[in-house]
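Chemist: need a 3D model of the following:
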Amino acid sequence: VIWFASSQSPYFSDIDLSTGRPSSPIRLPYTPNSMVMDQAGDTLYFGSYHELMTYSTLTNTLGKEVPGVPGVVLAVSPTGSTAIINDQLRQVIYLYSTANGTISSIGGIAFRAQYSPDGSTVYIVGQDPATGQNTLFVDSSGTGWSSYPLSNQPAYTCALEAAGTTAAPAYNPAWD
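Modeler: Below you'll find the model as predicted:
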């Protein structure tokens, strides 16, 4: 089954590849800006700037509407127990517990999020809105939120574009 959604419509649908038949469109309360499925394939997480919406693929029903975590869904933990949502308008990154509905947050604008294989830690690259600096945000189940500025990045250059030295000769188009 492949699920389809658009940021231009509150409707989404699926196609069963074994039959080739699409399902009837399903209407969400709000037009989504993102869609992420948990690893088990049981739940779709739709983000919007009004609320988080979850949809059960097992029962074909809208599971939850969570107005406390609006924004873009970036990732769902491997266990399906938490999700990362970034409200870029309010510049807040949320960690939402799917089991009990609790929310923890940190100020930031997130670009990507990736969980550790066991789901206990999530790594988020983004920007600190207070400084405008690229930042690594980390939430660990043992220690909570941390942020690490990425200001000490090395400057990389391409030797092939250099003026040319014995060690790094000048660019030669024949090498392409």
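Chemist: OK, contacts around the closest residue to residue 118 other than its chain neighbours?
Modeler: Leaving aside its sequence neighbours, residue 118 sits nearest to residue 78 (C-beta to C-beta, 6 or more residues apart in numbering; 7.2 Å). (Each C-beta comes from the backbone N, C-alpha and C, glycine too.) Applying C-beta atoms under 8 Å, 6 or more residues apart in numbering, we find residue 78 in contact with 39, 115, 117, 118, 119.
Chemist: try it again at 6 Å.
Modeler: 39, 115, 119 (C-beta atoms under 6 Å, 6 or more residues apart in numbering).
Chemist: so for this structure, which residue is the most central one in space?
Modeler: Taking C-alpha atoms, centre = their mean, the centroid of the chain lies closest to residue 74, which sits 1.3 Å from it.
Chemist: contacts only, for that one.
Modeler: Residues in contact with residue 74, defined by C-beta under 6 Å, 6+ apart, are 84, 86, 110, 113.
Chemist: tell me how many other residues crowd the last one.
Modeler: Read it as residue 113. 25 (other C-beta atoms under 10 Å).
Chemist: surely it is in contact with residue 125?
Modeler: No: under the criterion of C-beta atoms under 6 Å, residue 113 makes no contact with residue 125, lying 7.9 Å away.
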